[in-house]
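Asker: this one's sequence-less:
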């Protein structure tokens, strides 16, 4: 019986982390209270984040929507962000690192220290329906349901979570003439010029479906300040991302 329980817990951890993650998401009420009490992490609503970006008309801005339990996010922390931050000095570009929700925010410090990133750390704490993250009473609830109901969505399991949450966040913090339809997982980077015009890309998947997305900073070959923000680029592939239900591409 003990061995069976250990296997169950291991399987649950793998299902929740997804990708190449080394830590486990903890979408519980207890963890929410723990993260809320951490002095080095700043909780922020989506509207507060929007206002902070909107009033900044002096700098170029890079908003990194990330998750400390996402493999591609950690690789970007290691290989991309330090290089891009070094290309432009702080008099030109401001960086905002934002954990998408509380369930992984407790690991932010470890990731930042590991990859020598010195920047303020925010996490989205918003109760509005369109931004609501997954929350359950305890991890056993998550593990049990994920094992015995493998393949079902959070909604099918009876857990409340906002539909298209990441899209809603991006379209709110950086409203443009055309709605963003593409971001469906982390990491997502939102790059804006001093006039708060977002750099966008049409991404065409293997089926020929095109979505408008914030340009992925991993795809640019010039400094953030040298981008043409009035031009929408086109890519015919999608970079590795992790979706909220744990699937990675």
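Answerer: Done, it's in. Quick caveat: nothing in here was measured; it's all calculated off a predicted structure.
Asker: going forward, measure contacts between C-alpha atoms and count neighbours the same way
Answerer: Will do.
Asker: where does this structure dip in pLDDT?
Answerer: Flagging of the chain using pLDDT under 70 yields the residue ranges 1-22, 139-142, 144-146, 152-161, 237-249.
Asker: try 80 this time
Answerer: 1-25, 136-162, 183-184, 206-207, 236-249 (pLDDT under 80).
Asker: how about the strands in it?
Answerer: Listed in chain order, the strands of the chain (DSSP state E) span 42-44, 60-66, 93-99, 121-124, 188-192, 200-204, 210-214, 233-235.
Asker: residue contacts, residue 66?
Answerer: Taking Cα atoms under 8 Å, 6 or more residues apart in numbering as the criterion, residue 66 is in contact with 73, 97-100, 186-188.
Asker: returning to what we had before: tell me which of the strands of the chain sits nearest to residue 227.
Answerer: Across the strands of the chain, residue 227 has its closest neighbour in strand 188-192 (9.5 Å, Cα to Cα).
Asker: And the helices in the protein?
Answerer: 2-17, 29-36, 46-54, 71-79, 81-87, 102-105, 108-114, 139-148, 165-173 (DSSP state H).
Asker: winner for burial among these?
Answerer: When the helices of the chain are scored by mean count of other Cα atoms under 10 Å, the highest mean neighbour count falls to helix 102-105 (a mean of 27).
Asker: elements contacting that one?
Answerer: Judged by 3 or more Cα pairs under 8 Å, 6 or more residues apart in numbering; DSSP states H and E, helix 102-105 is in contact with helix 29-36, strand 121-124.
Asker: which other helices and strands contact the last one?
Answerer: Contacts defined by 3+ Cα pairs under 8 Å, 6+ apart place strand 121-124 against strand 42-44, strand 93-99, helix 102-105.
Asker: deepest of those, which one?
Answerer: Most buried of those, by mean neighbour count (mean count of other Cα under 10 Å): helix 102-105, with a mean of 27.
Asker: any chance of the helices and strands packed on strand 121-124 in TSV, plus distance to residue 36?
Answerer: TSV is the format used below for these (distance: least, Cα to Cα, whole Å):
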stretch	distance to residue 36
strand 42-44	7
strand 93-99	13
helix 102-105	8
